[in-house]
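Undergrad: heads up, no residue letters with this:
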């Protein structure tokens, strides 16, 4: 249905003067002559939609994910496997060699034990789900300065040190509830839930030297050359390239890993007494931590083929693509400017019965389909010109893109694009900073990346013969121009 409004006035946003009279017949007449009166027209058009497979997306997030889970709404399975490196401080230091009293029968320094802990801030699913993983030692570091995608697999890319050369491949069963920990440990105010993997088996380094455990290897390497433990590049390339944590079996939980930590336990003398102590090496944002996601692509394709709705699903799952009817919008408006273009995407409520629904995506970015890869590869943020942000509104159960006229005008200027009129809607994670104080306080977006958490929803649309999505357009033109 088409509607037209003709208003003889200057756009209020363009002027700071209000003309008052007993009638409204001549509003604006005192400001411009008849030839310069502004025609403002509004129209509404139907927008079509479809679901796209996200496939490989750039993986940039400070949170790691480990586990395997099934979305109760769609029955699609996603697995998260984690790679982590370790950062060392420039002032890293251990007790003097002659103060360490943990020795083997040859009187050489040893670690009494060693483990890796994966600390998680939260999780999705059932904490009692029985899971199994294998932790693999890397044979070389995954280097900084490259773009890595969500399907990057260290095992498939040849980064794993093989068992034949002495590489670590330690299997571990776990539940996130971790009933092996005592209540006294859990009640400690500093306690953080974690998955612990012991590294106390015999270890052989790349030079064929055998140690009673991995912790002993690290202790002795430090005593040989402490400087290597004070430079992250040297540590990664000469001592510890990192570890890969791969889920082998189990279904029902996904942990949000915030920190991975190697702990080395030994005894040393202090004030004439032998005490048990530990030192640790920690993953931080200064080194790489990335999650390799594996989705059930067959199931995702089935979901993408459904009609009556579209999907948004993360991580690396499904996006929604909209086709804006540019030919209809432009018809009869060759000399007009598009001042406003509004789209509202309504969410379809989840009707499945489960205690473990995925979260609703909070933030969406809309951008031309041709710009999808470059937007994230170049670390761009929404500029309200050709990329726009919308936040989920629980009251209206929708996402509102108030004015995407920049995209519409872009398509009006460039009509030969292979994806002319097509935009993609993508769930994103935002990083922000707060500036100023009091009434002058503002929140600024500093980084936008693909949402890598577990989210899923259906959007109304993709329904032949039904108008679930509309774009409301406002044009303007000066008479005689």
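TA: Structure's in. What do you need? Just so it is clear, the model here is predicted, and its values are computed rather than measured.
Undergrad: in the stretch 1-150 of the chain, which spans are helices?
TA: Under the criterion DSSP state H, counting those that start in this stretch, helices are not mapped anywhere in the stretch 1-150 of the chain.
Undergrad: All the strands of it, residue numbers only.
TA: The residue ranges that make up the strands of the stretch 1-150 of the chain, judged by DSSP state E, counting those that start in this stretch, are 38-46, 48-53, 64-70, 77-84, 113-125, 131-137.
Undergrad: Does anything pack onto the second one? Which helices or strands?
TA: Contacts defined by 3 or more C-beta pairs under 8 Å, 6 or more residues apart in numbering; DSSP states H and E place strand 48-53 against helix 297-304, strand 309-314, strand 318-323. Bear in mind the C-beta positions are built from the backbone N, C-alpha and C, glycine included.
Undergrad: quick one, which of those is nearest to residue 45?
TA: strand 318-323 (10.8 Å; C-beta to C-beta).
Undergrad: deepest of the helices and strands packed on strand 48-53, which one?
TA: Comparing the helices and strands packed on strand 48-53 by mean neighbour count (mean count of other C-beta atoms under 10 Å), strand 309-314 ranks first with a mean of 26.
Undergrad: what angle sits between that one and helix 297-304?
TA: When axes from the mean of the first three to the mean of the last three C-alpha atoms, to 10 degrees is applied, the directions of strand 309-314 and helix 297-304 differ by 140 degrees.
Undergrad: chain center to strand 309-314: distance?
TA: For strand 309-314, the distance from its own C-alpha centre to the chain's C-alpha centre is 16 Å (C-alpha atoms, centre = their mean, to the nearest Å).
Undergrad: Going by neighbour count, which residues of the top strand by length along the chain are buried?
TA: If you go by DSSP state E, the chain has its longest strand at strand 253-270. Judged by neighbour count (16 or more other C-beta atoms under 10 Å), strand 253-270 contains these buried residues: 253-268.
Undergrad: got the angle between it and strand 113-125?
TA: On the basis of the same axes, to 10 degrees, strand 253-270 is oriented at 150 degrees to strand 113-125.
Undergrad: what's the most distant pair in the buried residues of strand 253-270?
TA: Using C-beta to C-beta, the pair of the buried residues of strand 253-270 lying farthest apart is 254 and 268, separated by 39.5 Å.
Undergrad: Of the helices and strands packed on strand 48-53, which is nearest residue 176?
TA: Among the helices and strands packed on strand 48-53, strand 309-314 sits nearest to residue 176 (C-beta to C-beta), with 20.8 Å.
Undergrad: Who are the contact partners of residue 441?
TA: Each residue near residue 441 by C-beta atoms under 8 Å, 6 or more residues apart in numbering is listed here: 434, 435.
Undergrad: Could you do residue 363 as well?
TA: With contacts taken as C-beta under 8 Å, 6+ apart, residue 363 has the following neighbours: 389, 390, 391, 392, 427, 428, 429, 430, 451.
Undergrad: so which of these is the most crowded?
TA: Counting by other C-beta atoms under 10 Å, residue 427 has the largest number of neighbours within the contacts of residue 363, with 28 neighbours.
Undergrad: by contact count, what packs against the strand or helix carrying it?
TA: In the assignment (DSSP states H and E), residue 427 maps to strand 422-435. With contacts taken as 3+ C-beta pairs under 8 Å, 6+ apart, strand 422-435 sits against strand 309-314, strand 318-323, strand 363-368, strand 442-450.
Undergrad: Tell me which residues are up against the longest one.
TA: Residues external to strand 442-450 that are found in contact with it (C-beta under 8 Å, 6+ apart): 57-61, 150, 314-316, 365, 376, 379-382, 389, 426-436.
Undergrad: Can you give the distance from the longest strand of the chain to the centre of its chain?
TA: Here the centre of mass of C-alpha atoms in strand 253-270, compared against the chain's by C-alpha atoms, centre = their mean, lies 25 Å away.
Undergrad: Ok, stretch 242-254 next?
TA: Relative to its chain's centre, stretch 242-254 lies at 18 Å (C-alpha atoms, centre = their mean).
Undergrad: end-to-end on it?
TA: With C-alpha to C-alpha, to the nearest Å as the measure, the first residue of stretch 242-254 is 21 Å from its last.
Undergrad: quick one: the strands in the stretch 351-481 of the chain?
TA: Assigned strands in the stretch 351-481 of the chain, in chain order: 363-368, 388-391, 398-401, 422-435, 442-450, 455-460, 470-478 (criterion: DSSP E, counting those that start in this stretch).
Undergrad: What angle do strand 318-323 and the fifth one make with each other?
TA: Orientation check (the same axes, to 10 degrees): strand 442-450 against strand 318-323 gives 100 degrees.
Undergrad: tell me which residues of strand 442-450 are tucked away?
TA: The neighbour-count check on strand 442-450 (16+ other C-beta under 10 Å) flags 448, 449, 450 as buried.
Undergrad: What of the last one?
TA: Taking 16+ other C-beta under 10 Å as the neighbour-count basis, strand 470-478 is seen to contain the buried residues 471, 473, 474, 475, 476, 477.
Undergrad: Report the two of those residues separated the most.
TA: Every pair in those was compared (C-beta to C-beta); the two farthest apart turn out to be 471 and 477, at 19.1 Å.
Undergrad: For the residue nearest to residue 308 when sequence neighbours are not counted, give its distance to residue 73.
TA: Counting by C-beta to C-beta, 6 or more residues apart in numbering, the nearest residue to residue 308 once its immediate chain neighbours are dropped is residue 463, at 5.3 Å. Computed with C-beta to C-beta, to the nearest Å, the distance linking residue 463 and residue 73 is 19 Å.
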